[in-house]
Structure formats: structure tokens, C-alpha cells
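Visitor: no sequence on this one, just coordinates:
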């Protein structure tokens, strides 16, 4: 079951096209990474899902139903450009935002208390937003996003403004929300958090989706039979039928080499050859990071043009 | 609803609102009280003026009053001038031998400027004495002269609707002007608040969080209505507190409308007691002749409709700009018709049923202010109705146009905005 399905969504502004035939499926109870360089159209897509904008053509389905006004209450959205009323007290602000999402006052009060305690800012509830530090404001913002227990949570750069400790805290909360049944769409430039948290990934570049699938599948698809070997004594570049891509001296007699084998050859063959030449103390397959895939994909697009 | 409440509650709770609510009536109260206070306290300063009368015509003209004492001097002019330095007299009034028909050369020598009040008192006395002397010379009795003076106060009777009613142009103009001005002030004060509220939401970037929950139109209307409620509350508070302060002061000074009338009569020089009594009766008569219910209802209507019309425009301006400073260029065209209408009031008072007045009270942008000016003078029902319908149409239109600009504008940051861009936003589909 897909929580979100977008079909052939197009959107253009006066001067340029922001989205061109973008289709996406976000499975329920997943963390979905929406990636892409600046200006690729991510924010436009998110704004269409949150009904801030309407698509020129194409359809969006939530839980199988066509996007309508009721869905607003089932979505929690943390925009990249975010802020709060500076002169309003933390508690009142959360109450206001919760009530806008259709929560009853009594429910909202209970949940606000629960969340403020959970994120360790309960003692600040009576303070004005402007008296809070940036990190604390971000926490309040995060609480406002999830208070109404949305089925779909959209987070645009959720970790900006957090120190590593608090970023971890938020990360754990996100994962817990997923365990409790929510699906999370996650738009960020921080690849390490994508690597860590996402189950699915879609890459948007120049208004078009250029890649999507599970994180594992994508990484598999980008394996290119490359291995990292650490060894004593330098390797001669001409060794056998394998290509030595690079070799760096680590310390003293220790070297690290990146070696690519021809398709069809097994790692064991490479090892048996290497064992004759040098003393191997480390051997691993080089699996491309999302970061590298991202850069490679985006640059590939540039070359194609 | 929720938005309205938030806008209302946060604003009403602000310190500035409370301070303004308290100070407002004090200011209004002061407007009533200070003139009375000034009139009821005697100035304790006493000025001495020495008189050197060379003409011999003013021997007993200058009688001492409580704060102006005169003494005649026999010294010659230059000696008297020297002595002036030593004495504590305010000045030396020198009256040379003058020609009655052409009294020139009367001079007041003083170290410091004597002030307008003393000067006019002296002038008045001298002029009166010379007039008397002239009357004597022409052998006209003073009593005959008084009898010749004529005072006319035109009785006004309105025969509109077949019944004769006392009317009073001055009073109508007063009521019209005050109500028009209140609408004008209200629109400006709270229109600017709407604009600043929108800019605040935009610059604090909360806007995107909110409009992922509610439609931009709802947010805009919520803001406008919420601020209107704030304004009405403030006006109500002012009215109540002003009345309270006013009656409290009146109680302290032991003043009733009758004594007020007496005070007015005392101040108005030469006005007869029965005369002012009659005017008072006329005003009361004219007041009761006005259809107060109609006046009040149309005031409320133009008040709210005019505010909504301009409020929407102010919201649109707020959404289009990034900061207060940028808003100036768009503020001008929005506030121009409003300012024009307040300026045109002068012409409307002169001719409340003229062509200019008619058209200005039909155009939605000026009608709230101008129509209120005309209503006390009596406006045909069809004109009133047409103007109201046009105004409703006007604010529906501005709300529509404003909401289209608003919904695009609030998400735009850092773009250079001009009128062409605004036009494009207006036409843009969602």
C-alpha cells in the first residue's frame, strides 16, 4: 500500500518549468528520501502535496484517494523556510497550530505537554518564542509538525539548526514515528542522514525525476566491481588483468589501493593474485555512497546536454 | 474563526494596546477639560503699564483690571523711558497728540515683548475710546448706535418628506465631519496594522507552516476580521472611558450642561443670554429631527465596509513586499483615494448635494468617508442604496483581487516587485 502516489505531475511558473511529468510512489511506513540539487523542483513538489500549490496537470493520491481538503489534516509539513510568531508563547503557539489542524483543545493540551516533556523543553512552555535559542525553536517547530499525529510527515531539511546531540534526538523521534505507523518524506542535502535513515530514495534534477527505488537497490545498481585493498609494500600497476585505479601511501610501508576487476571475475581471483604480490591486511568492496551516486547522476545529466 | 481569535487575542494583550486604550480617553478628556480649566483659573500674573498721555483724550480710559494695572506718568517721554528700566512695569504706553480721524504713532515701549493678549487688550481699549470720541464728534448717541447693530440667526426648516423639521447646517456639518474622520482614521490605523501583520508573518517565515493548514484566503480574511475586532474594541473602550472621564471631571467641577452654556455665553463676547439659550434649543431640536437610527446604522455600515475594502488592499500590499520600508511605493496608490476623500470633504460641506459630492459618494473607494459627510444633510434613499451596493461590490472585488495577489506574494522572497509583476500575479492561475 502506498501512502502517496504522484502521477505525471507537471507544474510550470511564468518563466520556467518546475516539474515535468514527475511520478512517485511512497510506500506506507517508510522513510522516503527526496533528493536533488537546489532549484530542482523538490519544494514545488512538496507544496503540491501539501496543497499550497495546484499542479498544472497530473494527479496526487493519498492512501489511494485523490488529494482533497481533508488530507491537509493528515499531513504534517515542516517547511525549509520556517518560523514561528516571535511574540507568542510556546504553549499558545503550539495550541494554535494544533487547533488549525483540527485537534480538540483538551487533546491538544495533553499532547503538547507530552511532546514538550519528551523533547526536554517543558520548562520553556510559558516563554515567548523570541527568548528561545535557535535549536529550541526548531524543536517547537518539529512538535508543531507532528502534534496531530499525521499519516504522512514531510520534513524539509529537518536537521538544520540542530547540534549533533539534538539532531540525534530528532532522528530517533522520526524513526519512532515510523514505527508507530507514519510515513516520512525527507528532503535534505545531508547525505549521511539519507544513508542512515532512508528506505527509499528519489532523485530529482532539472524538474525531472532521474532515479528512484529502494536505497539498497540503487546502491547495488551502482556497484562497479571496485575493491579497496590495504597492504604492505607498493603494488606494481601492471599486475595481471585488473585495473589499479589509484594507490596512496598511508604510513611507512602501508599502502591503500583501489582496484577494479573486469565483469565476470570474482573477488577471490583478485585476492589470490594479490596474495602472491603483497601482504594484504584489509579487503573490502567499494560500495558507492548515496553522495557519490547523487553527484555522479547530476553530473551525468550535465554531460548529456 | 481560530485565526480571528488569535489575531484578536494577541493584539488585545499587547502592552501598546492597553496603553493606547487608557491614554486615548485621557487625551479626549483633556480636550474637553483643558479649555474649561483654563477658563476657570484666573491668571495670577499682574502687569503694570505706565501711560504717557500727551493728547489728554485718554484721561480715564485705562481702568485697572485684575491683571492689568495702569498708572499715568507726568514725566516727559525720555525720562519716563529711563525710569521704565528701573521699575518693574511691563511697558510704557505713549500716546502722542493724535488726530482722531487718523490716529497714528501710539507706541508701547517695553523691555520684553508684552505678548499678544496684553497688546490686543490695549488696542481694544484705545480703539473703543476713539470710537466713542468719534461718536461724540458726530453727535451720535451711544445708545442709538447700539440699537442700530443687528444680529440675525437664520432659522432652518427642512421640509423633506412633507414634514417640516428644524434643521441646522452647522450641526450637520459637525456630525458629518466627525463621523467621516473617524472612518478615515480607523481605516488608516488598522489598515496599516493588517499590512504589518502580513509582513511579520512573511518575514518570520511562519506563513508556509500556516498555509499548509489553512487556505491563504482564510488566513487573510481571518487577519482582517480579527484586527477589525481589535479596532472596534478599542473604539468602544475609548467611548466608554472618555465618557467616564468626562462625567467624572464634570462632577468634580460641578458642571451641568446649563452652566456650560453659561460659560459659553460668558466667553462669547456680546452674545445675549437668551440668544445662546435659543441656539441650544435649536440644536436639541435639530438633533431630534435627525434620524439617529439611520445615521448610526449607516455609520456602522460604512465603517465596516470601508474598512474591509481597504483592509484587503493593505493585506495585498503587505504580502507583496519583504519589509515595511519596501511598502511605501505601494502604500501611496492605496492611500491616495482615502486622502483625496478627506480633502474633498471641504467641498462636500459647502455643497452636500452637488455633483462632486454625488460622484464621490458613489465611488467605493471614497464613498465611506464622503457619504458619511452627506448623510446628516439628508440623502435620497436610492442614492444611499446604490452607494451601499457599489461599496459591497467594491469590497468583494478588492478582496478577490487582494487574495490573488496575497496567495502568490506570501511565498515570494527577495524578488523585486513592481506593478507589472503584481498584475501577473493577479492573472496567474493557482
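Guide: That came through, no problem. Because the structure is a prediction, the values reported are computed rather than measured.

Visitor: Quick one: the strands in the stretch 1-150 of chain A, in order.
Guide: Assigned by DSSP state E, counting those that start in this stretch, the strands in the stretch 1-150 of chain A fall at A:2-12, A:17-27, A:31-35, A:57-62, A:65-66, A:75-78.

Visitor: Could you tell me the average pLDDT over the shortest one, please?
Guide: Regarding strand A:65-66, the rounded mean pLDDT is 84.

Visitor: Can you list the strands that that strand pairs with?
Guide: strand A:57-62 (antiparallel) (DSSP bridges).

Visitor: which residues touch residue A:141?
Guide: Residues in contact with residue A:141 (CB atoms under 8 Å, 6 or more residues apart in numbering or on different chains) are A:78, A:82, A:84, B:209. Just so you know, the C-beta spots here come from the backbone N, C-alpha and C atoms, and that holds for glycine as well.

Visitor: leaving aside the residues next to it on the chain, what's closest to the residue of chain B found nearest chain A?
Guide: Closest contact between chain B and chain A, by CB to the nearest CB, is at residue B:205 (3.5 Å). Nearest non-adjacent residue to residue B:205, counting by CB to CB, 6 or more residues apart in numbering or on different chains: residue A:83, 3.5 Å away.

Visitor: Might one say that the one you found is in contact with residue B:202?
Guide: No - assessed by CB atoms under 8 Å, residue A:83 is found out of contact with residue B:202, at 9.5 Å.

Visitor: Tell me which of the two has more neighbours.
Guide: Taking neighbours as other CB atoms under 10 Å in any protein chain shown, residue A:83 and residue B:202 compare with residue B:202 leading, 23 against 19.

Visitor: What mean pLDDT does the stretch of helix or strand that one belongs to get?
Guide: Assigned by DSSP states H and E, residue B:202 belongs to helix B:169-203. Regarding helix B:169-203, the rounded mean pLDDT is 82.

Visitor: can you put the strands of the stretch 1-150 of chain A in JSON lines and add mean neighbour count?
Guide: Shown next, in JSON lines, are these (neighbours: other CB atoms under 10 Å in any protein chain shown):
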{"stretch": "strand A:2-12", "mean neighbour count": "19"}
{"stretch": "strand A:17-27", "mean neighbour count": "19"}
{"stretch": "strand A:31-35", "mean neighbour count": "25"}
{"stretch": "strand A:57-62", "mean neighbour count": "16"}
{"stretch": "strand A:65-66", "mean neighbour count": "10"}
{"stretch": "strand A:75-78", "mean neighbour count": "24"}
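
Visitor: Which parts of chain A are helices?
Guide: A:42-49, A:90-100, A:105-118, A:134-146, A:164-179, A:191-197, A:215-221, A:267-277, A:290-304 (DSSP state H).

Visitor: near chain B, which residues of the stretch 101-250 of chain A?
Guide: Residues of the stretch 101-250 of chain A lying close to chain B by CB under 8 Å from any CB of the partner chain are A:101, A:141, A:144.

Visitor: Out of the residues you listed, which is nearest to chain B?
Guide: Once CB to the nearest CB is applied, the member of those that ends up nearest chain B is residue A:101, at 5.5 Å.

Visitor: Show the contacting residues for that closest one.
Guide: Going by CB under 8 Å, 6+ apart, the list of residues near residue A:101 reads A:72-73, A:147-148, B:213.

Visitor: and the residue in the stretch 201-305 of chain A that chain B sits nearest to, how far is that from residue B:325?
Guide: Using CB to the nearest CB, the single residue of the stretch 201-305 of chain A nearest to chain B is residue A:207, 18.2 Å away. The gap separating residue A:207 from residue B:325 is 35 Å, by CB to CB, to the nearest Å.

Visitor: neighbour-wise, which of those two wins?
Guide: residue A:207 (21 against 7).

Visitor: Just confirm residue B:312 contacts residue B:398, I think it does.
Guide: Yes - here residue B:312 reaches residue B:398: they are 4.5 Å apart, a contact under CB under 8 Å.
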